[in-house]
Structures are given as C-alpha cells and as structure tokens.
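Participant: next one to model:
(chains A, B, C and D)
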Protein chains: 2
Amino acid sequence: MATRTDAPTRREQILKEAARLFAERGFHGVGVDEIGAAVGISGPGLYRHFAGKDAMLAELLVGISESLLTGAKRRLTEADGARGTAPEAVLDSLIEGHIDFALDDRPLITLHDRELDRLRDADRKLVRQLQRQYVELWVAVVRRLYPDLAEPAARSAVHSVFGLLNSTPHLTRPGSLPDRAGTAELLHRMARGAFAAAADS
Amino acid sequence: MATRTDAPTRREQILKEAARLFAERGFHGVGVDEIGAAVGISGPGLYRHFAGKDAMLAELLVGISESLLTGAKRRLTEADGARGTAPEAVLDSLIEGHIDFALDDRPLITLHDRELDRLRDADRKLVRQLQRQYVELWVAVVRRLYPDLAEPAARSAVHSVFGLLNSTPHLTRPGSLPDRAGTAELLHRMARGAFAAAADS
DNA sequence: CAGGGAGGTTAGCGGTCGTTAACCTGAAGG
DNA sequence: CCTTCAGGTTAACGACCGCTAACCTCCCTG
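Facilitator: Numbers count the residues shown, from 1 in each chain, chains lettered A, B, ... in the order given. Next comes the predicted model:
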C-alpha cells in the first residue's frame, strides 16, 4: 500500500493544486490551463487524469466529506471502546480532529462550504448526505454532554461551531504565522465555551 | 429624503438581486442576463445603472463594509456617551448589531468573505481597510472586557466569533424557519461564551 | 407641441473557456 | 526490435459571456 512518504502521484498533485486554486479564486474563476500550469503540464493534459473540471471538484468535495466523517466515526468508536469514556473527552476528540483538518487543509475547508452547489446532482446529494451524517454525529455527542439542550438548538450550535473552527483561513492572512499549537488550543477552548454557553439556557 | 417605505429604486432592486445570485452561485457563476432577468429587464439594460458587473460587486462589498463599520462606531459612541457603560454592555451591543446584520442580509454576509478577491485593486484595498477597522474596533472592546487577553489572541478570537456569527446562512437550509429571536439569542450566548473561554487562559 | 433625456430593446463583437481531435514520444515487455 | 501504451503536446471548435452600438419609446418640460 502507498505510504505517506511515497512521491505524490500526478493525480494527487493535480487535486492539491486544484483545491488551492479553487479556494483562492472560486471554481468558475480558475481555468484548466492554470491548473495544468500549476503542476507543470498544460491545459488539456489534465484530461488524461480526470474526465473534466467538474470531476476534480467532485472528487475533492466527496473526499473531504468522507475523510471528515470516517475520522469522526473512528474517534467515536475508539472512545466507546474504552467504555465509560467521559462525554467531555469524546467531544474534545471531535473538536481536535476538526481543528487538525481545518489547520492542515485550509483550501479544502474553504471549498467544503463554498462550492458545493457547483456539483452535479448526484455528487451534491452524496456530499450533502455525508455532511449531514457528520453533523448528526456531533449533535449526538453534544446532547450526551448537555442533555437539556434541545435538538434543533444543538444542531444550530454545531453548525455555528463549525463556522468558528472553519474561520482559520481568515486568521493567517498577513502571514504572521502564529504557532499552530497555540491557535489550535485557542480554537478548542472557544468551541467548548460556545457549546457550554449554548447549553446554559 | 428617502424613507424606508419608499418603493425601492431600480438600482436597489438590481443590487439586491445581484447579491442573492452572487451568494448562491458565485460572482463568476452568474451572468448579466440572469441579473437582468431577476429584475425584469434583460442583460445590457443593467448598463444604464452600473458601469459593469464588477461595479455591482464593488458597490455591494463597499456598502457592506461601510455599513458594518458605521453601525459599530455608532454603537460605541452611544455607549461612551453614557459614561461608565459596562464593557459587557458594549460588547453585547456589537454582537447584537452583527447578528442583526447576519440574519437580515445573509447574501451580503456570504459575499463579504467570499468574493473579496474579485475586486479591482483600489476597491479591494478600501474594503480591506474598512474590514480591518471593524475588527480592530471589536478587538479594543474585547480587550477592555478581558485585559489579560493578549492582542493577537484577541484578534484571532474576534475573527473566529465572526465565523460563528456568519454561519447563519448554513442554518436555515431545510427552511425550518426557526424563530429569529431564538436563533439570535443562541448565537449571542455562544459568542459571549466563546470570548469568555478565549480569555480564560 | 417640439424635443430631449432616462431607460429600455436587440444584434453582434471579441475574448475566454471547457473540451475534443490528432499527433508525438519515451519507456516497458515479449 | 517491434509494439504498445501512458502521458504528454498543439490546434481548433463551439458555447458562453461581458460589453458596446444602434435604435426605440415614453414622459417630462419649456
């Protein structure tokens, strides 16, 4: 199997650069020639690897959604494996996973809630379904920790915390490069504080 | 002067529909013919009111930024007029203003952090400057309330809370139409909780 | 009642974009 | 050594898009 240290395949290069460009200038704002140039080939050469520009976006968005969901499921089952894991610890694990993703793959996080409507119907439905599962998983964990929080409010709170955590692309604009660990910890504390405040009717 | 109950002028109609369409499908994803059709005229008729598609986006983004900033300044001076206003009350007022904006003008909030890079250099610089002033105003208020919070952390916290408050476009997707007051209050509590947690080193 | 401007219309130009077609090349394999 | 094929190339097509040109109507006003 492919290990992390393997040279990235051409497809992976293309996807990475396409994600960056789409995040920077929007799906319609990027031409295939630019994507090709970003990986050292030119325009139509991309069609040896993808059926079209739409297919690149679809693969990116489906990949993000699947990755987020499977990561969250894994963290949840790990916690349930050690039975009696405190609900706080489970929520902390979810938050940590989401922050890691937001900090390490900013372009993908940006695309995730920005270009969904550019997908073909089938792909969009798939992504929406994955996203919904991810949200509901969070909602369940949050309500286990705060049983008095009504479900609609919990769902709104989860969406809002996603907004908070996904704000990372706006943070490092001037390149001040704040240490990753500090940023992660700040975001984590704020997310917990926001949930606690939401539950504190 | 024009009162709120006047019939909206054609320019205003166009701006409103353009904002909605840009938010839905992205600046490059909307054609001038669609914008025209949305207000009952067709395509090139728009050029009697705007110099071009770029000009519409510029006016929208500059308008948003100015509106946010002047609203915040007004709230701040009102609070300072009543000398000795508690820092909590000032922050509450800022939060309330931002929430009102996010709930009442969702398309604009969406555009605000999504299409900035599509502007001409001069306009983009202007918008960036207005945004920066708005952020710094919040930072000052937050630090008055939480003096132990270092400035970079406060700035990050403000950006993150904006992310939280601006998540409203994601909330009402299925049209469940949750009552506005309840949503506003939930968001308000979460924002305060997030700030408190950020300051709680 | 002339006329002029505000605010439309349709036709069409020039440029860009996604995609396809046709061709090339170097390396692997029998 | 010939073949094959993955992975490129350039040329070009058709569609679309922003914008301009030219023209048409009301409606207001002197």
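Participant: any idea how far chain B is from residue A:84?
Facilitator: For residue A:84, the distance to chain B equals 26 Å [CB to the nearest CB, to the nearest Å]. C-beta: built from backbone N, CA, C; applies to glycine.
Participant: make that residue A:152, sorry
Facilitator: Using CB to the nearest CB, which is the criterion applied here, residue A:152 is 6 Å from chain B.
Participant: what's the answer for residue A:143, then?
Facilitator: Look at residue A:143 and chain B: by CB to the nearest CB, they are 15 Å apart.
Participant: the closest residue to that residue other than its chain neighbours - how many residues pack around it?
Facilitator: Leaving aside its sequence neighbours, residue A:143 sits nearest to residue A:154 (CB to CB, 6 or more residues apart in numbering or on different chains; 5.2 Å). A total of 22 residues lie near residue A:154 under the criterion other CB atoms under 10 Å in any protein chain shown.
Participant: which ones are touching residue A:154?
Facilitator: Residue A:154 makes contact with A:139, A:142, A:143, A:146, A:198, according to CB atoms under 8 Å, 6 or more residues apart in numbering or on different chains.
Participant: who wins on neighbours among those?
Facilitator: The residue in the contacts of residue A:154 with the most neighbours, by other CB under 10 Å, is residue A:142 (25 neighbours).
Participant: next one: it from chain B, what distance?
Facilitator: Distance check for residue A:142 against chain B: by CB to the nearest CB, it reads 12 Å.
Participant: please apply the same query to residue A:129.
Facilitator: Using CB to the nearest CB, which is the criterion applied here, residue A:129 is 13 Å from chain B.
Participant: backbone dihedrals for that residue, please?
Facilitator: phi -70, psi -40 (degrees, to the nearest 10).
Participant: same check on residue A:113?
Facilitator: phi -120, psi 20.
Participant: what count of nearby residues applies to it?
Facilitator: Under the criterion other CB under 10 Å, the count of neighbours that residue A:113 has is 17.
Participant: now swap in the one 5 residues further on and tell me
Facilitator: By the criterion of other CB under 10 Å, residue A:118 has 21 neighbours.
Participant: any idea how far it is from DNA strand C?
Facilitator: Separation of residue A:118 from DNA strand C (CB to the nearest atom of the strand, to the nearest Å): 11 Å.
Participant: do a quick rundown of the helices in chain A.
Facilitator: Counting by DSSP state H, the segments of chain A that form helices are A:10-25, A:32-38, A:53-81, A:87-104, A:106-112, A:121-145, A:151-165, A:168-171, A:180-199.
Participant: got any ranges where chain A has weak pLDDT?
Facilitator: Scanning chain A for pLDDT under 70 picks out the ranges A:1-6, A:83, A:172-178.
Participant: closest to the centroid, which residue in it?
Facilitator: With distances taken as CA atoms, centre = their mean, residue A:109 lies nearest the centre of chain A, 4.5 Å away.
Participant: nearest spatial neighbour of the residue of chain A found nearest DNA strand D, skipping sequence neighbours?
Facilitator: Going by CB to the nearest atom of the strand, DNA strand D is nearest to residue A:45 of chain A, at 3.0 Å. Nearest non-adjacent residue to residue A:45, counting by CB to CB, 6+ apart: residue A:36, 5.6 Å away.
Participant: contacting residues for that neighbour?
Facilitator: Residue A:36 is in contact with A:42, A:43, A:44, A:45, A:46, counting by CB under 8 Å, 6+ apart.
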